[in-house]
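Student: okay, sequence plus prediction incoming.
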Amino acid sequence: MSLAKTLDQLDEHYYEGEDENREQVIEALSDLHMQYLMEGLTEFRAFSDAASQIAGGVYIPYLTWTELSTYIDDNAARNRIFELVQAFVDSDFEDPEKKKMKALLITYYAMEREFELAKIDSLIVAKAHPMVQEFFRKVTNFVKKNKTSVEMYIEKFTLLREYTPSFELMRMPMSKLKEHLEEEE
């Protein structure tokens, strides 16, 4: 079955209205995520472009995780993050996705140059719904005012970036996260 057909079916399944559909769609997209990532960055990005547009944007945080990991090694990947931020702003913008994106955006905002963040603000956020603007304002203020916490977000993401995206691990306190990762080795 083609990627487009598979994504259309997942999109339909998501909108059938049951809460557990969200997790089923994320799980199916996660499998595709890994499959396309193993095929190469070009193939993954084609998947990413299509997947970011379905199911109200539920999978955007997972795609952002991979692109943020790529950005750490290659700052040219900022264009992909820029596109995912646009997709996130245009999405259904629901609480589960906002919570996941918050950690990633804090990490990205702390690492990115001021000029690039100003572009996101003026070209994407400024044109968004006031609720979206408020969310990004809170992220920006958090990064400016909470240096120690921001460093923890960066350290956590650095530890986890090579793993399959796991927001459960990202939420763990740092000491428990390190213990967990040591146990897995």
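Tutor: That came through fine. Numbers count the residues shown, from 1 in each chain.
Student: buried ones in the strand or helix carrying residue 34, by neighbour count?
Tutor: Assigned by DSSP states H and E, residue 34 belongs to helix 20-39. Residues of helix 20-39 classed as buried: 21-22, 25-26, 28-29, 32-33, 36-37 (neighbour count, 16 or more other C-beta atoms under 10 Å). For the C-beta atoms, the positions are set from N, CA and C on the backbone; glycine is no exception.
Student: and which of those is nearest residue 53?
Tutor: residue 29 (11.8 Å; C-beta to C-beta).
Student: let me see the contact set for the spatially most central residue of the chain.
Tutor: By C-alpha atoms, centre = their mean, the chain has its centre lying nearest to residue 61, at 2.3 Å. Residue 61 makes contact with 97, 100-101, 104, 165, 167, according to C-beta atoms under 8 Å, 6 or more residues apart in numbering.
Student: ok, which pair from those is furthest apart?
Tutor: Within the contacts of residue 61, 97 and 165 form the most distant pair, 12.6 Å apart (C-beta to C-beta).
Student: next, count neighbours for residue 76.
Tutor: 9 (other C-beta atoms under 10 Å).
Student: pLDDT score for it?
Tutor: Note for residue 76: predicted pLDDT of 91.
Student: please apply the same query to the one 4 residues further on.
Tutor: Each residue has a pLDDT score; the one for residue 80 is 97.
Student: how many residues are close by it?
Tutor: Applying other C-beta under 10 Å, we find 20 other residues in the vicinity of residue 80.
Student: try the one 10 residues further on
Tutor: The number of residues packed around residue 90, counting by other C-beta under 10 Å, is 16.
Student: with the one 4 residues further on instead?
Tutor: Neighbour count for residue 94, taken as other C-beta under 10 Å: 12.
Student: ok, and for the helix or strand harbouring residue 116, which residues are buried?
Tutor: Using DSSP H and E, the element containing residue 116 is helix 114-123. Judged by neighbour count (16+ other C-beta under 10 Å), helix 114-123 contains these buried residues: 116-117, 120.
Student: got the CA coordinates for that helix in CSV?
Tutor: Provided in CSV are the C-alpha atoms of helix 114-123 (Å, rounded to 0.1, in the frame of the first residue of the first chain):
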residue,chain,number,x,y,z
GLU,A,114,18.2,35.0,18.1
PHE,A,115,17.8,36.0,14.4
GLU,A,116,16.3,32.6,13.5
LEU,A,117,13.9,32.8,16.4
ALA,A,118,12.8,36.2,15.3
LYS,A,119,12.0,34.8,11.9
ILE,A,120,9.8,32.1,13.5
ASP,A,121,8.1,34.8,15.6
SER,A,122,7.5,37.2,12.7
LEU,A,123,6.7,34.8,9.9
